[in-house]
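Participant: Need a 3D model of the following:
(2 chains, ligands or ions: 2)
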Number of protein chains: 2
Amino acid sequence: LLATPFITSANSGVEKLTSNPANWATWGGNYAGTRYSELDQINANNVKNLQPAWSFSTGVLRGHEGGPLVIDDVIYIHTPFPNTVYAIDQATQAVIWEYTPTMDADVTIPVMCCDTVNRGLAYGDGKIFLQQSDTVLTALDAKSGKRIWSVQNGDPKLGMTNTQAPLVVKDKVITGISGGEFGVRGFLAAYDIKSGQLVWKGYSMGPDGDTIMDPKKSTTWKDGKVTPVGKNSGTNTWEGDQWKIGGGTTWGWFSYDPELNLVYYGSGNPSTWNPVQRPGDNKWSMSLWARDADTGEVKWVYQMTPHDEWDYDGINETVLVDQKVKGAMRKTIVHFDRNGFGYTLDRVTGELLVAEKFDKSVNWATHIDMKSGRPVLDLKYSTEANGEDVNTVGTCPAALGAKNQQPVSFSPKTGLFYISGNHLCMEYEPFEVSYTAGQPYVGATLSMMPAGADVLTGKPDGTTNLGQFTAFDATTGKIAWSNKETFSVWSGSLATAGDVVFYGTLEGYLKAVDAKTGKELYKFKTPSGIIGNVNTWSYKGKQYVGVLSGIGGWAGIGIAAGLDSGESDSNSEGLGAVGAYRSLSSFTKLGGVFTVFALPN
Amino acid sequence: LLATPFITSANSGVEKLTSNPANWATWGGNYAGTRYSELDQINANNVKNLQPAWSFSTGVLRGHEGGPLVIDDVIYIHTPFPNTVYAIDQATQAVIWEYTPTMDADVTIPVMCCDTVNRGLAYGDGKIFLQQSDTVLTALDAKSGKRIWSVQNGDPKLGMTNTQAPLVVKDKVITGISGGEFGVRGFLAAYDIKSGQLVWKGYSMGPDGDTIMDPKKSTTWKDGKVTPVGKNSGTNTWEGDQWKIGGGTTWGWFSYDPELNLVYYGSGNPSTWNPVQRPGDNKWSMSLWARDADTGEVKWVYQMTPHDEWDYDGINETVLVDQKVKGAMRKTIVHFDRNGFGYTLDRVTGELLVAEKFDKSVNWATHIDMKSGRPVLDLKYSTEANGEDVNTVGTCPAALGAKNQQPVSFSPKTGLFYISGNHLCMEYEPFEVSYTAGQPYVGATLSMMPAGADVLTGKPDGTTNLGQFTAFDATTGKIAWSNKETFSVWSGSLATAGDVVFYGTLEGYLKAVDAKTGKELYKFKTPSGIIGNVNTWSYKGKQYVGVLSGIGGWAGIGIAAGLDSGESDSNSEGLGAVGAYRSLSSFTKLGGVFTVFALPN
Ligand SMILES: O=C(O)c1cc(C(=O)O)c2c(n1)C(=O)C(=O)c1cc(C(=O)O)[nH]c1-2
Ligand SMILES: O=C(O)c1cc(C(=O)O)c2c(n1)C(=O)C(=O)c1cc(C(=O)O)[nH]c1-2
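Facilitator: Numbering: from 1, shown residues only, chains lettered A, B, ... in the order given. Ligands and ions are numbered 1, 2, ... in the order given. This is a model prediction of the structure:
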């Protein structure tokens, strides 16, 4: 049981920084994305004494996703649109510098599907990288906040935006694109950290040149073995030119294995949400990817949800840990998908090792066929089988997934993954839609409701909780424990060597639970609902925990965008989220605040 | 040495509520406006252990003035424009109800001189009274938040707005009006708490019928004695009809003596800021008032700054305490004026007892002549004497006063008043301006700078602090101690039986100091700059302290309204405040958050 802490000659300095737990230098704390810290000053015994140490309002309302970076004692935080970046001095809690890009709100905000969120910054080579909402990628001098370069990564007029955090890998900064609800064709792009020049760009679908696949060398899991993808696998499961507006956007988290030199990530839903309109597997939407960091060439790819009928974007984070699976140590990649299955693969080869439900209320598929790697559907919940203009009811999970973007954490001490989960089902009615560039290309009406079933057994139990916080063993596919939460847990968790796991709730609580048992050890109500990730670092020898609050994101879109009329006529607003989360507005209001916690002196 | 805790038959129930320190039922904690609490669980010994208990984002940016009301365990908070009211359940920290009035932002916000602030709610007769920015006064059912009545108190199209907290007195709710920078003629108005009908309205200037003065019975301090004001004292110190646009608005705090049945308050600056244009004393701008609560008739009035030349609005709070002055117990009224003098009067008669500088850097007047009650000017700093289009430099205090609206507290245990103070001087250049209804009627260009002089001696000392927190003995007119603050203290203080005094700073710190010595005992950085008042209450036997943060107000207008270009060309923006407070933006950003503090369990 091992995380992967080794140093290579990456010249951006990131790996060295992440090896010192005083820093929190990438979204995941390290390239593996474990969100685990070796710090143990705050532990299961004393965390009950935790208290806010200081706080900082960002001056921006709406959803605050992502978390702080802490590098050499300086804290870097970011906001949703307008994407202000603050460098904060911990000694004085004062702003060292701030940077707000110039963006056109009227062009950008209307094409952001799920609130004006931004999932955070990347650091490398003395620079802070800001992936702006309007797709411009900007490099700032980390010391002064001065802009060094900017590059246009997409075009908001065509429905392209950005929300995800970039990742610095060696001499490149890796970024993705959002817009699956606008027919945007997803890609991963690598820009030179010094110049901002595009180095490579690999699409989620299209001819092999576009996807950067070698028909013979790029592989996938098929027929029980690692198999070359073959020619034009990115076009031949699409009808005609549909791949050109095929979605598969890349708005999640990226991880990196320095030894293998591979970048890992997932791709999102195929466009449109109406499956009847796009026959075929729609490869490589809804897939896990391993690309060579230098060239972008695909090493392997694995599609979790062929021909999506439920909007189960495959973008959730990919965590790289070495684990013993069925008796043998494996370099694994672990991914908890929106579709409700936790996947463990060999990250060298893409071999499928484990695929089990991490919430047993999930019913769209009975299981994953391990040989083909494909889900075995329950046709009752197939919106394709039921057809256009038919309301398919009772499908679990809801479109926002058994888990959405909020990243898991992994403790090498317990061997468990800590999953911030949703616990909802949905109604889904596809309808025909035509594509217009820059216009919504959704084609389905949704509403969501509590799963009302036990997370461990799937048995109906009349519960109304919308969230679960679950500990999961990815080597066996078994749930270790799971806590109910009133609302979806939309905050990325943190595991520490103190045997504590932290996460935030939509009502605004920062919670600490026992890593072994899930027992709640501490909670504090921060100013607004938490959809940010909890990070930790140390300063002058003292451990701190910090999190952004600021309600929003897809779950909080009713509050963030003011879509809730308060009546059931607005239930299906916000792509179906408004009705389910209506009561959230009794618990929390908008407002971005960064709160830092510590033990008393 | 006594505060005034006695119960009369006031039918609104307010007095009874304020007699229980578990509540905080008026802006001042009681009718006397002492902002003193008998609670002593949090005391000078243990306050170092204080910590945030929970927090609540209001969802509104810009300046959050005023403080929470706590009545029968329910917390009521309010926001700046759009004036949302939240009733909060302390057990769950959830919103019981919320109410947001419908207002026209485009008409109202442009005529609010000094940010979109609101200084809080009033409670009485089972109702919450909200004085909206657009001048509408609204009564809400305290249990349900349902609107019971609304009444139009003024007309924003004529430059009238409201920012102050109303006060419920017996069967009436008392309110004022803002707009001194728009030529609005100030008044105090009383509305029936059941119906919202206007009962009386007393103007600050105008014929005796308008001011509700009896020329023989209404008195003022003159020639060393209490003297009838005489006929039409509200017009005969004005040229022609100028009193009709004479200012003297009433945007501060009101207090009430149930035994005397008198309401006390102050009136603001005469309009325009150019003194050359309005010869005469401009009565009764810049005055302290005692009015009969039932009829509005003036008992006595005292003008602090006749013929204002510096914008020293006389609206600061009036604190009603019984104190021994020169050997005799007196029912006093104590008032720390913007002009830098602390005034102690007999509140029964209006007799002037003490008038001394509470910041010795004050130089516009050498002293107050106790016989005439008039300031003795230093003509070097007279913008009238220097004339139109001449820049008068070095006048202290600056226009925002040695103290602005932030109310003081008084501890009957120490006998001291705790003053949140400014420590600035100014340049002031009057120019001719003509009146147009609803348009700014200012007529002066200002900039402000640190006083750079010792608060105790007035000697230049090269300091750059913009704030002082000062303890003052109002029976002798002596400063007991004074702490420097980097920025003006724009937060109302709180004194408690625990011998602790609390206040907030513009950087965002809640501070607790020793009531006797001023020694700092605790500080915590709340999310944004504090311009709210610190209040205290108890819930289930435990003492809590709560404060709104949210930078803004006049001192924070550069940040709140985005007026600061970052360069000196914007120094005189925001009526002269932008330059002086420029560096504040390194310390804090916008955002309204209510933070509640308690000792650990
Ligand atoms: O297909 C896309 O391009 C796309 C983009 C985003 C985004 O960029 O935030 C979301 C989604 N899809 C999505 O399906 C989804 O559930 C979602 C949730 C959130 C969020 O931040 O709460 N964003 C997004
Ligand atoms: O003359 C007026 O009517 C008027 C109104 C207000 C207000 O309503 O806020 C202020 C002032 N004047 C004023 O002179 C002043 O210094 C001031 C400060 C503030 C504040 O809230 O920070 N308001 C006001």
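Participant: Tell me where the stretch 1-150 of chain A has strands.
Facilitator: With strands called from DSSP state E, counting those that start in this stretch, the stretch 1-150 of chain A shows them at A:36-37, A:51-57, A:65-66, A:69-71, A:74-78, A:85-89, A:94-99, A:122-124, A:127-131, A:136-141, A:147-152.
Participant: Single out the residue in the stretch 101-250 of chain A that lies closest to ligand 2.
Facilitator: Using CB to the nearest ligand atom, the single residue of the stretch 101-250 of chain A nearest to ligand 2 is residue A:105, 29.1 Å away. In this view, the C-beta of every residue, glycine as well, is placed from N, C-alpha and C.
Participant: which ones are touching that residue?
Facilitator: By CB atoms under 8 Å, 6 or more residues apart in numbering or on different chains, the contact set of residue A:105 is A:81-82.
Participant: make it 6 Å
Facilitator: By CB atoms under 6 Å, 6 or more residues apart in numbering or on different chains, no residues touch residue A:105.
Participant: so how far is residue A:134 from it?
Facilitator: According to CB to CB, to the nearest Å, residue A:105 stands 9 Å off from residue A:134.
Participant: swap in residue A:436?
Facilitator: Computed as CB to CB, the residue A:436 to residue A:134 distance reads 20 Å.
Participant: Also residue A:24?
Facilitator: According to CB to CB, residue A:24 and residue A:134 sit 27 Å apart.
Participant: Comparing the two, which shows the higher neighbour count?
Facilitator: Ranked by neighbour count (other CB atoms under 10 Å in any protein chain shown), residue A:24 and residue A:134 place residue A:24 first, with 31 against 26.
Participant: Is that one in contact with residue A:72, as I believe?
Facilitator: No - Residue A:24 is beyond contact range of residue A:72, at 11.4 Å (criterion: CB atoms under 6 Å).
Participant: which residues of chain A score low on pLDDT?
Facilitator: A:1-11 (pLDDT under 70).
Participant: Please, where are all the helices along it?
Facilitator: Along chain A, the segments classed as helices by DSSP state H run A:14-18, A:105-108, A:208-211, A:383-386, A:557-560, A:573-576.
Participant: now, of those helices, which is deepest in the fold?
Facilitator: helix A:557-560 (a mean of 26; mean count of other CB atoms under 10 Å in any protein chain shown).
Participant: how about that one, does it reach chain B?
Facilitator: No - Helix A:557-560 lies out of reach of chain B by CB under 6 Å from any CB of the partner chain, never closer than 8.2 Å.
Participant: bridging residues for the closest residue to residue A:477 other than its chain neighbours?
Facilitator: Using CB to CB, 6 or more residues apart in numbering or on different chains and skipping residues adjacent in sequence, the residue nearest residue A:477 is residue A:356, 2.9 Å away. Residue A:356 forms beta bridges with residue A:342, as assigned by DSSP bridges.
Participant: I'd assumed residue A:479 was in contact with residue A:356.
Facilitator: No - applying CB under 6 Å, one finds residue A:356 not in contact with residue A:479, separated by 8.8 Å.
Participant: How many residues are close by the residue lying closest to residue A:82 once chain neighbours are set aside?
Facilitator: Distance criterion CB to CB, 6+ apart; nearest residue to residue A:82, sequence neighbours excluded, is residue A:100 at 5.4 Å. Neighbours of residue A:100 under the rule other CB under 10 Å: 14.
Participant: And residue A:542, by the same measure?
Facilitator: 15.
Participant: which residues pair with it across the strands?
Facilitator: residue A:539.
Participant: which one of the helices of chain A lies closest to residue B:120?
Facilitator: helix A:557-560 (24.7 Å; CB to CB).
Participant: what's across from the closest residue to chain B within the stretch 301-450 of chain A in the sheet?
Facilitator: Using CB to the nearest CB, residue A:450 is the residue of the stretch 301-450 of chain A that sits closest to chain B, at 18.7 Å. Each beta-bridge partner of residue A:450 is listed here: residue A:424, as defined by DSSP bridges.
Participant: Might one say that it is in contact with residue A:464?
Facilitator: Yes - between residue A:450 and residue A:464 there is a contact under CB under 6 Å: 4.6 Å.
Participant: More neighbours: these two, which one.
Facilitator: Taking neighbours as other CB under 10 Å, residue A:450 and residue A:464 compare with residue A:450 leading, 17 against 12.
Participant: Distance of that one relative to residue A:186?
Facilitator: From residue A:450 to residue A:186 the distance is 31 Å (CB to CB).
Participant: Now do the contacts for the residue in chain A positioned nearest to ligand 1.
Facilitator: Using CB to the nearest ligand atom, the single residue of chain A nearest to ligand 1 is residue A:180, 2.2 Å away. If a contact means CB under 6 Å, 6+ apart, then residue A:180 has A:247, A:249, A:268-269, A:271 as its contacts.
Participant: which residues are contacting stretch A:397-404?
Facilitator: Defining contact as CB under 6 Å, 6+ apart, one finds that stretch A:397-404 is touched by A:311, A:336, A:338, A:340, A:359, A:362, A:419, A:421-422, A:424-426, A:446, A:448, A:554.
Participant: count of residues packed around residue A:251?
Facilitator: So residue A:251, with other CB under 10 Å, has 26 neighbours.
Participant: Now for the residue nearest to it when sequence neighbours are not counted, how many residues are close by?
Facilitator: Excluding its sequence neighbours, the residue lying closest to residue A:251 (CB to CB, 6+ apart) is residue A:178, at 4.2 Å. Counted by other CB under 10 Å, the residues lying close to residue A:178 total 29.
Participant: One more: the one 3 residues further on?
Facilitator: Neighbouring residues of residue A:181 were enumerated by other CB under 10 Å; the total is 25.
Participant: for the stretch 151-300 of chain A, what spans make up the strands?
Facilitator: A:167-169, A:172-175, A:187-192, A:198-203, A:219-222, A:225-228, A:255-257, A:262-266, A:287-292, A:298-303.
Participant: can you redo those as a markdown table with distance to ligand 2 and mean neighbour count?
Facilitator: Putting those into a markdown table (distance: least, CB to the nearest ligand atom, whole Å; neighbours: other CB atoms under 10 Å in any protein chain shown) gives the following:
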| stretch | distance to ligand 2 | mean neighbour count |
| --- | --- | --- |
| strand A:167-169 | 45 | 26 |
| strand A:172-175 | 44 | 26 |
| strand A:187-192 | 47 | 23 |
| strand A:198-203 | 51 | 20 |
| strand A:219-222 | 65 | 22 |
| strand A:225-228 | 69 | 14 |
| strand A:255-257 | 50 | 25 |
| strand A:262-266 | 50 | 26 |
| strand A:287-292 | 55 | 25 |
| strand A:298-303 | 60 | 25 |
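Participant: Quick check: which of these is nearest to residue B:84?
Facilitator: The minimum distance between residue B:84 and these falls on strand A:172-175, with 38.3 Å, by CB to CB.
Participant: Name all residues that make contact with residue A:557.
Facilitator: Per CB under 6 Å, 6+ apart, neighbours of residue A:557: A:115, A:574, A:577.
Participant: just checking, the first one touches residue A:552?
Facilitator: Yes - counting by CB under 6 Å, residue A:552 is a contact partner of residue A:115 at 4.3 Å.
Participant: For whichever residue of the stretch 201-350 of chain A sits closest to ligand 2, give me its contacts.
Facilitator: Ligand 2 sits closest to residue A:251 of the stretch 201-350 of chain A, with a gap of 42.8 Å, by CB to the nearest ligand atom. Taking CB under 6 Å, 6+ apart, we find residue A:251 in contact with A:163-164, A:176, A:178, A:315.
Participant: got any residues that touch both of residue A:115 and residue A:552?
Facilitator: Common contact partners of residue A:115 and residue A:552 (CB under 6 Å, 6+ apart): A:63, A:560.
Participant: Against ligand 2, how distant is the nearest residue to residue A:490 once chain neighbours are set aside?
Facilitator: Sequence neighbours aside, residue A:531 is the residue nearest to residue A:490 in space, at 4.2 Å (criterion: CB to CB, 6+ apart). As for residue A:531, its distance to ligand 2 is 33 Å (criterion: CB to the nearest ligand atom, to the nearest Å).
Participant: okay, now residue A:531: neighbour count?
Facilitator: 36.
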